[in-house]
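In: Fold the following and give me the result.
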Amino acid sequence: MLEQLDLERVLVLDIETVSQKPDFDSLDKVSQDLWQLKAANLKGADQQTPEELYSRAGIYAEFGKIVCISVGIFRAYDDHFQFRVKSFFSHDEKELLEQFAELLNSRFDNNRFLLAAHNGKEFDFPYLSRRMTIHGMKLPLLLDTPGKKPWEVPHLDTMELWKFGDYKSFTSLKLLAHIFDIPTPKDDIDGSQVGQVYWQENNLERIRVYCQKDVITVAQLLLRFMGKPLLSEEALIFADQEDA
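Out: Numbering: from 1, shown residues only. Alright, predicted model coming up:
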(Lines give C-alpha, C1' and ligand atoms only; values in the text may rest on other atoms or scores of the structure.)
Protein backbone atom coordinates (compact mmCIF):
# COMPACT_ATOMS: atom_id res chain seq x y z
CA MET A 1 0.00 0.00 0.00
CA LEU A 2 1.27 3.49 -0.93
CA GLU A 3 4.42 1.98 -2.48
CA GLN A 4 5.01 5.06 -4.62
CA LEU A 5 4.49 7.59 -1.82
CA ASP A 6 7.52 9.75 -1.00
CA LEU A 7 7.08 10.49 2.69
CA GLU A 8 9.51 13.40 2.50
CA ARG A 9 6.91 15.14 0.31
CA VAL A 10 4.10 14.71 2.85
CA LEU A 11 3.22 17.39 5.41
CA VAL A 12 1.10 15.78 8.14
CA LEU A 13 -1.24 18.08 10.04
CA ASP A 14 -3.96 18.25 12.65
CA ILE A 15 -6.06 21.16 13.89
CA GLU A 16 -7.87 21.82 17.15
CA THR A 17 -10.99 23.97 17.11
CA VAL A 18 -13.29 25.54 19.69
CA SER A 19 -16.49 27.56 19.64
CA GLN A 20 -16.07 31.28 18.96
CA LYS A 21 -17.63 32.14 22.32
CA PRO A 22 -17.50 30.29 25.65
CA ASP A 23 -21.25 29.62 25.68
CA PHE A 24 -24.49 30.33 23.86
CA ASP A 25 -25.40 33.29 26.08
CA SER A 26 -22.20 35.07 25.03
CA LEU A 27 -23.35 35.23 21.41
CA ASP A 28 -24.99 38.32 19.95
CA LYS A 29 -28.67 38.02 19.05
CA VAL A 30 -28.10 37.40 15.33
CA SER A 31 -25.56 34.66 16.05
CA GLN A 32 -27.93 33.08 18.57
CA ASP A 33 -30.71 32.97 15.98
CA LEU A 34 -28.41 31.48 13.35
CA TRP A 35 -27.10 28.86 15.76
CA GLN A 36 -30.65 27.89 16.70
CA LEU A 37 -31.36 27.24 13.01
CA LYS A 38 -28.20 25.15 12.76
CA ALA A 39 -28.86 23.28 16.00
CA ALA A 40 -32.36 22.30 14.86
CA ASN A 41 -30.79 20.01 12.27
CA LEU A 42 -28.19 18.41 14.52
CA LYS A 43 -28.40 14.91 15.91
CA GLY A 44 -29.95 15.06 19.37
CA ALA A 45 -31.81 18.30 18.70
CA ASP A 46 -35.00 16.67 19.97
CA GLN A 47 -33.37 15.96 23.32
CA GLN A 48 -31.05 18.94 23.82
CA THR A 49 -31.60 22.68 23.66
CA PRO A 50 -29.60 24.95 21.32
CA GLU A 51 -27.79 26.16 24.43
CA GLU A 52 -26.71 22.60 25.26
CA LEU A 53 -25.81 21.81 21.67
CA TYR A 54 -23.53 24.86 21.51
CA SER A 55 -20.76 22.72 23.01
CA ARG A 56 -20.49 21.25 19.50
CA ALA A 57 -20.21 24.62 17.73
CA GLY A 58 -16.43 24.32 17.42
CA ILE A 59 -16.63 21.65 14.72
CA TYR A 60 -18.41 24.05 12.35
CA ALA A 61 -16.23 26.68 10.67
CA GLU A 62 -19.09 29.20 10.68
CA PHE A 63 -19.39 29.05 14.47
CA GLY A 64 -15.92 27.94 15.57
CA LYS A 65 -12.29 28.94 15.34
CA ILE A 66 -8.90 27.25 15.15
CA VAL A 67 -6.66 27.55 18.22
CA CYS A 68 -3.87 25.15 17.22
CA ILE A 69 -2.34 23.74 14.05
CA SER A 70 0.36 21.10 14.39
CA VAL A 71 2.39 19.86 11.43
CA GLY A 72 5.06 17.23 10.92
CA ILE A 73 7.48 16.39 8.11
CA PHE A 74 9.46 13.20 7.50
CA ARG A 75 13.19 13.10 6.85
CA ALA A 76 14.60 9.87 5.44
CA TYR A 77 17.93 8.38 6.46
CA ASP A 78 19.59 5.14 5.41
CA ASP A 79 17.86 2.94 7.96
CA HIS A 80 15.15 5.08 9.57
CA PHE A 81 12.92 8.14 9.36
CA GLN A 82 13.02 11.25 11.49
CA PHE A 83 9.82 13.21 12.05
CA ARG A 84 9.96 16.92 12.86
CA VAL A 85 6.92 18.46 14.55
CA LYS A 86 5.97 22.12 14.82
CA SER A 87 2.87 23.86 16.19
CA PHE A 88 1.14 27.17 15.66
CA PHE A 89 -1.17 28.11 18.52
CA SER A 90 -2.74 31.36 19.62
CA HIS A 91 -5.91 32.98 20.94
CA ASP A 92 -5.67 35.15 17.81
CA GLU A 93 -6.85 32.84 15.04
CA LYS A 94 -5.81 35.11 12.20
CA GLU A 95 -2.29 35.31 13.60
CA LEU A 96 -1.81 31.54 13.69
CA LEU A 97 -3.42 31.12 10.27
CA GLU A 98 -1.03 33.70 8.82
CA GLN A 99 1.93 31.88 10.36
CA PHE A 100 0.74 28.57 8.96
CA ALA A 101 0.07 30.09 5.52
CA GLU A 102 3.57 31.59 5.51
CA LEU A 103 5.02 28.14 6.17
CA LEU A 104 3.04 26.64 3.28
CA ASN A 105 3.83 29.52 0.91
CA SER A 106 7.54 29.59 1.69
CA ARG A 107 8.31 25.87 1.84
CA PHE A 108 5.48 23.86 0.37
CA ASP A 109 3.97 26.07 -2.35
CA ASN A 110 4.47 23.74 -5.31
CA ASN A 111 3.02 20.58 -6.80
CA ARG A 112 5.54 18.22 -5.18
CA PHE A 113 3.93 18.13 -1.74
CA LEU A 114 0.82 16.60 -0.18
CA LEU A 115 -1.09 17.54 2.95
CA ALA A 116 -2.07 14.54 5.08
CA ALA A 117 -4.54 14.24 7.96
CA HIS A 118 -7.04 11.79 9.41
CA ASN A 119 -10.50 12.72 8.12
CA GLY A 120 -8.73 15.73 6.64
CA LYS A 121 -10.88 15.91 3.51
CA GLU A 122 -14.05 16.20 5.57
CA PHE A 123 -12.70 18.37 8.39
CA ASP A 124 -9.17 19.79 8.62
CA PHE A 125 -8.62 20.94 5.03
CA PRO A 126 -12.02 22.58 4.42
CA TYR A 127 -12.05 24.07 7.92
CA LEU A 128 -8.68 25.73 7.33
CA SER A 129 -9.79 27.03 3.95
CA ARG A 130 -13.08 28.41 5.28
CA ARG A 131 -11.48 30.19 8.23
CA MET A 132 -8.76 31.69 6.02
CA THR A 133 -11.42 32.89 3.58
CA ILE A 134 -13.43 34.44 6.43
CA HIS A 135 -10.31 36.36 7.47
CA GLY A 136 -9.81 37.61 3.91
CA MET A 137 -6.63 35.61 3.38
CA LYS A 138 -5.39 34.26 0.08
CA LEU A 139 -5.37 30.47 0.21
CA PRO A 140 -1.97 28.76 -0.08
CA LEU A 141 -1.65 26.57 -3.15
CA LEU A 142 -2.05 23.35 -1.16
CA LEU A 143 -5.45 24.51 0.11
CA ASP A 144 -6.67 26.30 -3.01
CA THR A 145 -8.63 23.35 -4.42
CA PRO A 146 -11.90 24.78 -5.88
CA GLY A 147 -12.16 23.90 -9.55
CA LYS A 148 -9.57 21.13 -9.37
CA LYS A 149 -10.32 17.59 -10.43
CA PRO A 150 -10.25 15.02 -7.60
CA TRP A 151 -6.92 13.56 -8.73
CA GLU A 152 -5.40 17.06 -8.80
CA VAL A 153 -6.15 17.81 -5.15
CA PRO A 154 -2.89 17.38 -3.16
CA HIS A 155 -4.53 15.89 -0.07
CA LEU A 156 -4.01 12.52 1.59
CA ASP A 157 -6.58 11.27 4.09
CA THR A 158 -5.70 8.26 6.24
CA MET A 159 -9.37 7.61 7.00
CA GLU A 160 -10.20 7.58 3.29
CA LEU A 161 -7.27 5.27 2.63
CA TRP A 162 -8.56 2.84 5.26
CA LYS A 163 -12.00 2.76 3.65
CA PHE A 164 -10.63 1.09 0.50
CA GLY A 165 -13.66 2.44 -1.36
CA ASP A 166 -16.17 1.69 1.43
CA TYR A 167 -18.23 4.74 2.38
CA LYS A 168 -20.38 3.32 5.15
CA SER A 169 -18.73 4.51 8.31
CA PHE A 170 -16.28 6.72 10.18
CA THR A 171 -13.19 5.04 11.63
CA SER A 172 -11.47 6.99 14.39
CA LEU A 173 -7.74 7.55 14.58
CA LYS A 174 -7.83 6.05 18.08
CA LEU A 175 -9.31 2.80 16.75
CA LEU A 176 -6.79 2.52 13.92
CA ALA A 177 -3.93 3.20 16.33
CA HIS A 178 -5.20 0.34 18.49
CA ILE A 179 -5.60 -2.25 15.75
CA PHE A 180 -2.22 -1.38 14.20
CA ASP A 181 -0.54 -1.52 17.62
CA ILE A 182 0.63 2.08 17.46
CA PRO A 183 1.63 3.25 20.95
CA THR A 184 -0.22 6.37 22.05
CA PRO A 185 0.09 8.23 25.36
CA LYS A 186 -2.63 7.44 27.87
CA ASP A 187 -2.80 10.98 29.24
CA ASP A 188 -4.43 12.54 26.15
CA ILE A 189 -7.44 14.73 26.63
CA ASP A 190 -10.41 13.64 24.57
CA GLY A 191 -11.26 15.69 21.50
CA SER A 192 -14.58 16.60 23.07
CA GLN A 193 -12.71 18.21 25.98
CA VAL A 194 -10.73 20.72 23.91
CA GLY A 195 -13.39 23.42 24.25
CA GLN A 196 -13.49 22.99 28.01
CA VAL A 197 -9.70 23.08 28.28
CA TYR A 198 -9.65 26.26 26.21
CA TRP A 199 -12.55 28.23 27.70
CA GLN A 200 -12.41 27.04 31.32
CA GLU A 201 -8.72 26.28 31.84
CA ASN A 202 -7.28 28.76 29.30
CA ASN A 203 -4.65 26.10 28.63
CA LEU A 204 -3.37 26.38 25.07
CA GLU A 205 -0.24 24.44 25.96
CA ARG A 206 -2.26 21.37 26.89
CA ILE A 207 -4.15 21.63 23.59
CA ARG A 208 -0.86 21.97 21.68
CA VAL A 209 0.51 18.77 23.23
CA TYR A 210 -2.70 16.91 22.37
CA CYS A 211 -2.64 18.20 18.80
CA GLN A 212 0.98 17.14 18.30
CA LYS A 213 0.23 13.64 19.56
CA ASP A 214 -2.44 13.24 16.88
CA VAL A 215 -0.01 14.40 14.18
CA ILE A 216 2.52 11.81 15.32
CA THR A 217 -0.16 9.10 15.35
CA VAL A 218 -1.16 9.94 11.76
CA ALA A 219 2.52 9.73 10.76
CA GLN A 220 2.83 6.34 12.45
CA LEU A 221 -0.33 5.15 10.69
CA LEU A 222 1.12 6.10 7.30
CA LEU A 223 4.21 4.06 8.13
CA ARG A 224 2.03 1.08 9.11
CA PHE A 225 0.08 1.39 5.85
CA MET A 226 3.40 1.26 3.98
CA GLY A 227 4.72 -1.69 5.97
CA LYS A 228 7.57 0.34 7.45
CA PRO A 229 8.88 0.41 11.05
CA LEU A 230 7.34 2.90 13.44
CA LEU A 231 9.11 6.05 14.54
CA SER A 232 11.07 5.72 17.76
CA GLU A 233 10.91 8.40 20.42
CA GLU A 234 14.44 9.41 19.44
CA ALA A 235 13.22 10.04 15.88
CA LEU A 236 10.75 12.71 17.02
CA ILE A 237 12.08 16.27 16.83
CA PHE A 238 10.02 19.13 18.27
CA ALA A 239 10.55 22.67 16.98
CA ASP A 240 9.48 25.65 19.07
CA GLN A 241 6.99 28.11 17.63
CA GLU A 242 9.58 30.65 16.55
CA ASP A 243 11.79 28.13 14.78
CA ALA A 244 10.69 27.57 11.19
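In: What ranges does this protein have for its strands?
Out: 10-19, 64-76, 81-89, 114-117, 155-157, 236-238 (DSSP state E).
In: May I ask you to name the longest helix in the protein?
Out: When the chain is parsed with DSSP state H, its longest helix is helix 204-225.
In: Can you list the helices and strands that that helix packs against?
Out: Where contact means 3 or more Cβ pairs under 8 Å, 6 or more residues apart in numbering; DSSP states H and E, helix 204-225 is packed against strand 10-19, strand 64-76, strand 81-89, strand 114-117, helix 158-163, helix 173-179, helix 194-199. Just so you know, the C-beta spots here come from the backbone N, C-alpha and C atoms, and that holds for glycine as well.
In: what's the closest of these to M137?
Out: M137 lies closest, by Cβ to Cβ, to one member of the helices and strands packed on helix 204-225: strand 64-76, at 12.3 Å.
In: Now the closest one: buried residues?
Out: Across strand 64-76, burial judged by 16 or more other Cβ atoms under 10 Å covers G64, K65, I66, V67, C68, I69, S70, V71, G72, I73, F74.
In: partners of the second one in the sheet?
Out: According to DSSP bridges, the residues that bridge with K65 are V18.
In: mind checking how far it is from K38?
Out: 16 Å (Cβ to Cβ, to the nearest Å).
In: Contact partners for P140?
Out: A101, L104, N105, F108, D109 (Cβ atoms under 8 Å, 6 or more residues apart in numbering).
In: What number of residues are in the vicinity of the last one?
Out: Think D109. The local packing of D109 (other Cβ atoms under 10 Å) involves 15 other residues.
In: what's the answer for the first one, then?
Out: Applying other Cβ under 10 Å, we find 21 residues neighbouring A101.
In: rewinding a little: how about TSV for the strands of the chain, with distance to S169 added?
Out: Below are those laid out as TSV (distance: least, Cβ to Cβ, whole Å):
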stretch	distance to S169
strand 10-19	21
strand 64-76	24
strand 81-89	29
strand 114-117	18
strand 155-157	15
strand 236-238	31
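In: between those, which gets nearest to I189?
Out: Taking the strands of the chain one by one with Cβ to Cβ, strand 10-19 is closest: 9.9 Å.
In: what's the average pLDDT for the closest one?
Out: The pLDDT scores in strand 10-19 average 97.
In: In this model Q220 seems to touch L230, though I could be wrong.
Out: Yes - in this structure, L230 is within contact of Q220 by Cβ atoms under 8 Å, at 5.3 Å.
In: Neighbour count for the two, which is higher?
Out: More crowded of L230 and Q220, by other Cβ under 10 Å: Q220, with 23 against 16.
In: and the more buried one, what does it touch?
Out: Q220 touches A177, F180, I182, L230, L231, counting by Cβ under 8 Å, 6+ apart.
In: What distance do you get for the third one to F24?
Out: To tie it back to what came earlier, the one meant is I182. 38 Å.
In: for the last one, same thing?
Out: When Cβ to Cβ is the yardstick, L231 and F24 sit 42 Å from each other.
In: avg pLDDT for the longest helix of the chain?
Out: Averaged across helix 204-225, the pLDDT comes to 95.
In: okay, and for the chain, where does confidence drop off?
Out: Low-confidence segments of the chain (pLDDT under 70): 186-188, 240-244.
In: Could you chop it up by domain?
Out: Domain ranges of the chain: 7-19+64-238, 21-62, per automatic domain parsing.
In: Setting the sequence-adjacent residues aside, check what's closest to D14.
Out: D214 (4.3 Å; Cβ to Cβ, 6 or more residues apart in numbering).
In: burial of the one you found, as a residue count?
Out: Using other Cβ under 10 Å: D214 sits among 23 other residues.
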